[in-house]
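> The sequence and its predicted three-dimensional model are supplied below.
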Amino acid sequence: MYFSAVLPQQNTKTMSITVVNIVSEQTIPNIVFVKEMPQANRYLFITTQKMEEKGVTDNIIKVCGIPMHQTTKLPVLENSFQNITYRLKELNLNKDSETQYLVNITGGTKPMSIVVHDFFRQLNSCIYYMPLGSNGFMLCHTEKDEPIVPVSCKLNLTQYLQGYGFEIANPAEINQMTVIPEFTRLVFEEKLLNTAEIGLLNKYIETFAKENHYQPGSISLTNPPHELVALPAFLYYTVKFPLQDNSILNSREIQYL
């Protein structure tokens, strides 16, 4: 997932900075916000018991590479204005001009975002929101509407998946291509795999997995299953599929097709 451009620069050279996020199921706005903001002295995550049981905050911290000693988790009751306000007051945050709070109110429940917005408005803070479907944040002001400013950071596929709690089982293989990009571009543009032969292959795999409870590791092309008798000629001559071994279709090639 890619993002472009940059947020407004803050005058943060001599300030102590705290980045604030409201934690919810959608972790990407939080991850992007942390990566886009200046390096902070402290990272405050306003969260809930449900989010902590799922490890959502830890996923954000892991992807962003934040040292644990710089993080603070503040669990609140997500729909209690009174509890959220009380818990924020417990932090005894600095109200001096030497501490700046960069606050992202995109996540969480409506009571969480409302209370966090109202609370940090009283401090030296910049409050941001990422509108639904946008590619950037807007600076929240009541007196004027700010334009949405696209962000510059880029998340790769691994970071995106880890942000939602997925672990990569085969990291050494994640960037290995099954076939050259030129072939993929050709079959995609010409729809060369939208054919009866590939349809029969899909049906064969589905039936095999249903009967055996696992996917086939390979398929012989010198002696194919009777359902796939036309598959070798299709791969050899019609699409000129770049097989690793002309006698078999291996598991990565099966998955690709």
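Yep, that arrived.
> Residues in a beta bridge with V19, which ones?
Y43, L102 (DSSP bridges).
> Check the spacing between it and I180 real quick.
According to Cβ to Cβ, to the nearest Å, V19 stands 42 Å off from I180. (C-beta placed from N, C-alpha, C; glycine too.)
> Between the two, point out the one with more neighbours.
V19 (26 against 10; other Cβ atoms under 10 Å).
> K73 in helix, strand or coil?
strand (DSSP: H, G, I helix; E, B strand; the rest coil).
> Excluding covalently adjacent residues, which one is nearest to it?
F45 (5.1 Å; Cβ to Cβ, 6 or more residues apart in numbering).
> just checking, next helix/strand downstream of the helix or strand where the one you found lies?
With elements taken from DSSP states H and E, the one containing F45 is strand 42-47. Downstream of strand 42-47, the next assigned helix or strand under DSSP H and E is helix 49-53.
> show me where the chain has helices.
With DSSP state H as the criterion, the chain has helices at 28-36, 49-53, 56-64, 81-90, 110-121, 157-163, 181-190, 196-212, 231-233, 251-256.
> In terms of secondary structure, what does the longest one contact?
When you say that, I think you mean helix 196-212. Applying 3 or more Cβ pairs under 8 Å, 6 or more residues apart in numbering; DSSP states H and E, we find helix 196-212 packed against helix 231-233.
> In the helix it packs on, which residues are buried?
L231, P232 (16 or more other Cβ atoms under 10 Å).
> and that helix, what's its mean pLDDT?
Regarding helix 231-233, the rounded mean pLDDT is 96.
> With stretch 211-223 instead?
Mean pLDDT, stretch 211-223: 93.
> Please verify my assumption that the residue nearest to K73 contacts V23.
Yes: the pair F45 / V23 is scored as a contact, 5.2 Å apart, by Cβ atoms under 8 Å.
> Give the intersection of the neighbour lists for the two.
T57, I60 (Cβ atoms under 8 Å, 6 or more residues apart in numbering).
> Contact partners for E189?
Counted by Cβ under 8 Å, 6+ apart, E189 has zero contacts.
> can you list the residues that contact stretch 122-130?
With Cβ under 8 Å, 6+ apart as the criterion, stretch 122-130 contacts 7, 10, 29, 32-33, 93-97, 99-106, 117, 120-121, 136-140.
> Sketch out the low-pLDDT regions of the stretch 151-257 of the chain for me.
Along the stretch 151-257 of the chain, no part satisfies pLDDT under 70.
> Could you rerun that using 80?
For the stretch 151-257 of the chain, the stretches with pLDDT under 80 are 170-176.
> rewinding a little: and S218, which of the helices of the chain is closest to it?
Closest approach to S218 among the helices of the chain is made by helix 251-256 (6.3 Å; Cβ to Cβ).
> who touches stretch 40-49?
With Cβ under 8 Å, 6+ apart as the criterion, stretch 40-49 contacts 16-23, 34, 56-57, 60-61, 66, 70-78, 84, 88, 91, 102, 108, 112, 116.
> switch the cut-off to 7 Å
Applying Cβ atoms under 7 Å, 6 or more residues apart in numbering, the external contacts of stretch 40-49 come out as 16-23, 34, 57, 66, 70-76, 78, 108, 112, 116.
> Quick one, which of those residues are buried?
Buried among the contacts of stretch 40-49 by 16+ other Cβ under 10 Å: 17-23, 34, 57, 66, 71, 74-76, 78, 108, 112, 116.
> do you know how far the residue positioned nearest the centre of the chain is from F188?
Nearest to the geometric centre of the chain sits Y160, at 2.8 Å (Cα atoms, centre = their mean). From Y160 across to F188, the span is 22 Å (Cβ to Cβ).
> same thing with P67?
43 Å.
> ok, now which ones touch P111?
P111 makes contact with E78, N79, S80, F81, I84, according to Cβ under 7 Å, 6+ apart.
> how about 10 Å then?
For P111, the contacting residues are V76, L77, E78, N79, S80, F81, Q82, N83, I84, T85, by Cβ atoms under 10 Å, 6 or more residues apart in numbering.
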